[in-house]
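Undergrad: Pasting a predicted model and its sequence here:
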Amino acid sequence: YTFIGQMLMSLLKNSESAQIFGSLVIAMTTLFSGILIRPQHITSFWLFAYWLLPGRYILEGLVSSQFHKDDTPITPTLGSEFCAFVADASNRECSISDCYECTGTAEDWIHVSFGNEFQFDNLGYDVIYLFCAIVVIKYVTYVALMKLNYLVK
């Protein structure tokens, strides 16, 4: 977010407008990264924000690398999507009406909670996207600093 703030400061005429656009970028990134609105619940109109903004790639990289092959047992909450998943996936005496008898893993919870969108296999793509985003943002900042001049003469 620091590089985005630097880019906005170099592109816009004053700090107030840069702060407004910066807060808009941060709000959109937070909203559509997959935390507040899960990927499977984002409407098709807003999917561009989910795939374009860097928060999704940061979050996927952190979550998928942290919980990859994590077998920590998690007891599902009654009525949750994870409860239905555990009841369907287990071969034991589990039912959706009484999920407290069964447990799933942390890795399963990540797959269910994020609609199977966050995959460990995408970690390389996440790094490539974030690296390219940094390069583009820094390049735009450099060009704006060299070409734009808002001083009144």
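TA: Sure, I can see it.
Undergrad: who touches the strand or helix carrying Met9?
TA: Assessed by DSSP states H and E, Met9 sits inside helix 2-11. By C-beta atoms under 8 Å, 6 or more residues apart in numbering, the list of residues contacting helix 2-11 from outside reads 15, 18, 21-22, 25, 134, 137-138, 140-141, 144-145, 148. C-betas here are computed from N, CA, C, even on glycine.
Undergrad: Equivalent analysis for stretch 41-48, please.
TA: Phe32, Tyr50, Gly115.
Undergrad: So, low pLDDT: which residues of the chain?
TA: 89-100, 152-153 (pLDDT under 70).
Undergrad: one step back: list buried residues within the contacts of stretch 41-48.
TA: Phe32, Tyr50 (16 or more other C-beta atoms under 10 Å).
Undergrad: As CSV, the contacts of stretch 41-48 with distance to Thr43 and secondary structure would be great.
TA: Output for the contacts of stretch 41-48, formatted as CSV (distance: C-beta to C-beta, whole Å; DSSP: H, G, I helix; E, B strand; the rest coil):
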residue, distance to Thr43, secondary structure
Phe32, 11, helix
Tyr50, 10, helix
Gly115, 13, coil
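Undergrad: rewinding a little: widest-spaced pair of the contacts of helix 2-11?
TA: Using C-beta to C-beta, the two most remote members of the contacts of helix 2-11 are Ser15 and Ile134, lying 22.4 Å apart.
Undergrad: Name the single longest helix found in the protein.
TA: helix 123-147 (DSSP state H).
Undergrad: rewinding a little: tell me the angle the helix holding Met9 makes with helix 123-147.
TA: 20 degrees (axes from the mean of the first three to the mean of the last three C-alpha atoms, to 10 degrees).
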